[in-house]
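Q: quick one: sequence and predicted model below, then my questions.
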Amino acid sequence: MSVPPDVPVVVLAQGRTRTEQQLIREWVAANHRGAPIRDLDSEASFDDLSDDTLLVPVRVTWVSTSSSSRRPSELLAHLSPRRPPGPLQKVLVRNSPGRAGVVRGEPATVGDLRARFAEETGNASSFATFVSRVATVAVDRAERRLIGDRYKVPRQVVEQITASSRFRAKAAELAQQLSRPEAEVLAEARECLNELVTVQSPAAIDAFRTVLSPMHSRAWKVQVDTSNLERLRALNKEQALVFLPAHRSYVDPLVLAEVLHEKDFPRNHLLGGNNMSFWPIGPLGKRAGVIFIRRADTDAAGDAIYKFALREYLGYLTAKKFNLEWYIEGGRTRTGKLRPPKMGLLAYLVRALQDERTEDVAMVPVSIVYDHMAEVRALDAEQGGAAKAAESTRWLARYVRGQQRMSGNAWIRFGEPFSLRQALDEAGEGPAQLDKVAFRICDGINRATPVTSSALLTFTLLGSHDRALTLAEVGRVLAPLLDYLDARGIPRTDNDSASPHSLREEAGLRAALDHLVAVGVATVFTGGPEPVWSIQAGQHRVAAFYRNGALHHLVTRAIVELALLEVSAKPVCESSIAESWAEAQRMRDLLKFEFFFPPSEQFRSDVVKELQLLDPNWENQDGPDGGAKILSSSRLLVAHRALRSFFDAQLVVATALAERDPAAEVVTGPFLEECLGLGQQMLLRGRLHRADSVSRELYSTALRLARHRGLLETAAPGTVEAEAVQAARHHYLAEVTDVLERLGRIDRLEADLLEEVLG
C-alpha cells in the first residue's frame, strides 16, 4: 500500500526484543522513512495526532523452517519455533534470513478509529486501549497469511466485550432483574469472562497437541472424507462455522482438531465440561482454544450472571467469525447411537442471531465413528449400574496406557452444512423451533455416518440366537444386508478405498471377524472341522454398542416390517397395505426418544421407498396376510435384530410402572436402579431376549417416553385420577407387549429364512 507523501504516518510496533526492534526500524526506514515508532502495547495517548494521521500496526513474525542445520542455535530455536529465545534471534537472523519478517496489519486513520470507538463503546472507556486492541487484531490477521489459518488467535477478548456499550446496557438490565448493584454485576460478569475466555496461543496449541497426542495417535488411523472441506473453507470466509460432532470417545475433539489443523482450518473454540479442566488438560487447553464450562451453579443469581457472560462470549466469537465446536449430546453416547440433544448452547447461539450480533453461522454436522474403542467396556459397566470414573490426572495416565494399542480406523465425515438463520425460519415460530433445529443437526450427523464393519458383524452375530456361525454362514447372512445398504446408497467403511478388506470377500470377512475376536467382542471356536464365531459371553452390551451405531439407517425399514404385520392381522374389509402408514406413525411415536426421525412428509416418503424395496408390487398385495406374505418372501428382515433391545427395555419400564402404586412418586435415580434389578431378573427368567437390553441408558430413554405420555403423574389412592393413571400405564404395557409379539413373529420368519440360507 503506497501512502501519499503528505499523509502523516505513525507506526505502532510490537517489537519484544532488541533484534525485533532493529528489524522493525529497518522496515520503517525502507517503507515509511522518518515515521515515528510507538510501542503498540503502551496505550499512550493519541491526543497529539490529527484525525488524518495513518496508524500502521506491525510485528515481527518468526516462521518455522525444516532446516537440516546442526548449529546449536537452530536446534534450540526449534524448541520454540513461534518465537525463538531473544539471545538466539540475532544469530538466527544472520544465518537464516527467511526465519523472521515484519508483517503489517491493515492501517487506519485516527479519525476513523475515533468514529468506531464512539459507535462501539459510547466513548465510555480508554481510546488508547481501544486503538491497541484494534491494532493487535489487525496485525494478527496479517500474520495468519504467513503462518496459516490454523493459528487464528483472539486477543484482548474480555476488554473488547466489556468495553462495549451494548454489554454494559445488558448488564444493567440483569442487575435490575436481580436487584443487585450494577457495579457488582459488571464485576462478576467480568470474572466469569476471565474464567471462560481462551487465549489460543500458537505455542500452547502446539504443546497441547503434542502432550495429548498419546491419547489417540497410536490407537487409530484417521480416515477423512474431504469432499465437503473445500465448501466449508469457502463458507468460512463469509461466516463462522459451528462444528457439531457425534460424541463417542473422550478423544473426539483431539482427532477432529488434528484433521482441521492438517487442512489449515482455524482452530475451533471447543466448549466442554469443566470436569476435564484438571492438569495438564486444563492449563494447556485454556490457552489452546478450550472453553471449560461450569456445571449449573447452586446460586441462582451467580448462575444467571455466568449464563449472561457465556452468551455474550458466544456472541462475540460468532461476530468475529471464530469457529465453534461442541457436542450437542452433552456427553458421550453410552449405547453407540446418538443421545437426545442438549439445547443450552444452541439457544445461546440463536440468541446471538436474534440480537443481530452476527448475520448468520453455518452449522456443520460431523460424524466420528471408530472400528473399536477401548473405553466401551467402561461405558458397558455404567449401563450395568457401575459409577462413572471421575476424570483426573491419574485417570488420564490410565487412559493413555489403554490407548497404546492399534484399534483400527477412526472415520470422520462432514455432513451437509446449513444456515442456522434459514433453519430457524423453516422451523417456524413457537416452542418447538429449537427442537426442530437440534433434530436437523442430529439427522445430519446420522446421514453422514458410514456403517462400520464392526456394526455389520455385531448386527449379524447378535441376531443369530447365540448360534455360532462359520465363515461361509456369516457371509451368507450378511450378503442381503450389504445388498440393501448398497441399494439405499448408504456408505460402508469396508467399501472405502482406505479399507484393505471388503466384507464381500472371504479374506476381508475373516480379517474383520478376527479383529472382533482380538478386541474381545467375539469369540472363535477352532476345535471342530472349521472355525465358528459368536459373541463373547458377557459382551452383548459391548457388541450392541457397535451395532447401534448403524441402526438409524435401518429403523425405518424395521418400522415398515412391524406395520405390515399389524395390517395383516386385520379383517379383510379393513386390510390395506396403505394403512401401514398409520401404524408406522404409531411405531415412530413409540421410538421418538430413541431415534431422530425426519419431518412427517419425509418420513412418509421414506416408508414408501422401503415398501418398494421390500416388494415393488406392494400396492397390489392387499387382503389378509398380504403384509406377512411380503415379509416371508423377503431375503432380509431387520426389525427383530434392530428394535428388540429397545422394546425389551420399554417392557421393563412399563412393567415397573404398571406394578407401582399411582400415589408413589417416581424418582428417576432410584427408579432406574429398580429397573436394572427387574430387568436382570426378567432376563434370567427368559422374558427378555438379550442381555444388551439391561441398560440404564435404555431405561432412562423409556422413562422419558413414559413421562411424555403422562405416566409418571401421581394421584391419591382410590380416586378417579389414580384409576386413570393406572389404566394408562397398563395400556402402555399392553402396547409394548403387542409390539414384542410382532417382533417375535418376525424373529420366527427370520429363523426360517436363516435355516433356508444356511441349509
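A: Arrived safely, thanks for sending. Numbers count the residues shown, from 1 in each chain.

Q: low-confidence stretches in this structure?
A: Low-confidence segments of the chain (pLDDT under 70): 1-2, 64-83, 124, 147-155, 296-302, 498-500, 568-578, 621-624, 757-759.

Q: what about the longest helix in it?
A: Using DSSP state H, we find that the single longest helix of the chain is helix 720-758.

Q: partner residues bridging the residue positioned nearest the centre of the chain?
A: In the chain, the centroid-proximal residue (CA atoms, centre = their mean) is P245; its distance is 2.4 Å. Under DSSP bridges, the beta-bridge partners of P245 are V366.

Q: that one and M363 touch, don't they?
A: No - counting by CB atoms under 8 Å, P245 does not reach M363; the two are 11.8 Å apart. C-betas here are computed from N, CA, C, even on glycine.

Q: which helix or strand contains R38?
A: strand 37-39 (DSSP states H and E).

Q: just checking, what packs against that strand?
A: Applying 3 or more CB pairs under 8 Å, 6 or more residues apart in numbering; DSSP states H and E, we find strand 37-39 packed against strand 9-14, helix 18-31.

Q: mind redoing it with 7 Å?
A: strand 9-14 (3 or more CB pairs under 7 Å, 6 or more residues apart in numbering; DSSP states H and E).

Q: count the neighbours of G98 for me.
A: By the criterion of other CB atoms under 10 Å, G98 has 9 neighbours.

Q: distance of it from R141?
A: Counting by CB to CB, to the nearest Å, the gap between G98 and R141 amounts to 22 Å.

Q: same question for S453.
A: S453 is 45 Å from R141, where distance means CB to CB.

Q: looking only at neighbour counts, state which of those two leads.
A: Per other CB under 10 Å, whichever of S453 and R141 has more neighbours is S453, with 26 against 13.

Q: now that one. Its backbone dihedrals?
A: Backbone dihedrals for S453, given as degrees, to the nearest 10, come out at phi -60, psi -40.

Q: my guess is it contacts A512. True?
A: Yes - the pair S453 / A512 is scored as a contact, 4.4 Å apart, by CB atoms under 7 Å.

Q: common neighbours of those two, please.
A: L503 (CB atoms under 7 Å, 6 or more residues apart in numbering).

Q: all strands for the stretch 1-150 of the chain, in order.
A: Under the criterion DSSP state E, counting those that start in this stretch, the stretch 1-150 of the chain contains strands at 9-14, 37-39, 54-62, 100-104, 108-109.

Q: same thing with the stretch 151-300 of the chain?
A: Remark: strands assigned in the stretch 151-300 of the chain by DSSP E, counting those that start in this stretch are 221-225, 240-245, 269-273, 290-293.

Q: which strand residues bridge the closest residue to A537 other than its chain neighbours?
A: Among residues not flanking A537 along the chain, T523 sits closest, at 7.5 Å (CB to CB, 6 or more residues apart in numbering). On the basis of DSSP bridges, T523 is bridged to S534.

Q: let me see the contact set for T523.
A: T523 makes contacts with V517, S534, Q536, as judged by CB under 7 Å, 6+ apart.

Q: show me which of these are buried.
A: Burial by neighbour count, 16 or more other CB atoms under 10 Å: within the contacts of T523 this picks out S534, Q536.

Q: in JSON lines, list the contacts of T523 along with distance to A257.
A: Below are those laid out as JSON lines (distance: CB to CB, whole Å):
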{"residue": "V517", "distance to A257": "33"}
{"residue": "S534", "distance to A257": "39"}
{"residue": "Q536", "distance to A257": "34"}
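
Q: for the contacts of T523, which one is nearest F167?
A: Among those, Q536 lies closest to F167 (CB to CB), at 57.2 Å.

Q: that closest one and G520 touch, don't they?
A: Yes - taking contacts as CB under 7 Å, Q536 lies within contact range of G520: 6.0 Å.

Q: wait, what's in contact with L743?
A: Counted by CB under 7 Å, 6+ apart, L743 has contacts A639, H640, L643, R644, F647.

Q: sorry, slip of the keys, the one I care about is R357.
A: Neighbouring residues of R357 by CB under 7 Å, 6+ apart: G315, T318, A319.

Q: so it belongs to a strand, correct?
A: No - using DSSP: H, G, I helix; E, B strand; the rest coil, the secondary structure at R357 is coil, not a strand.
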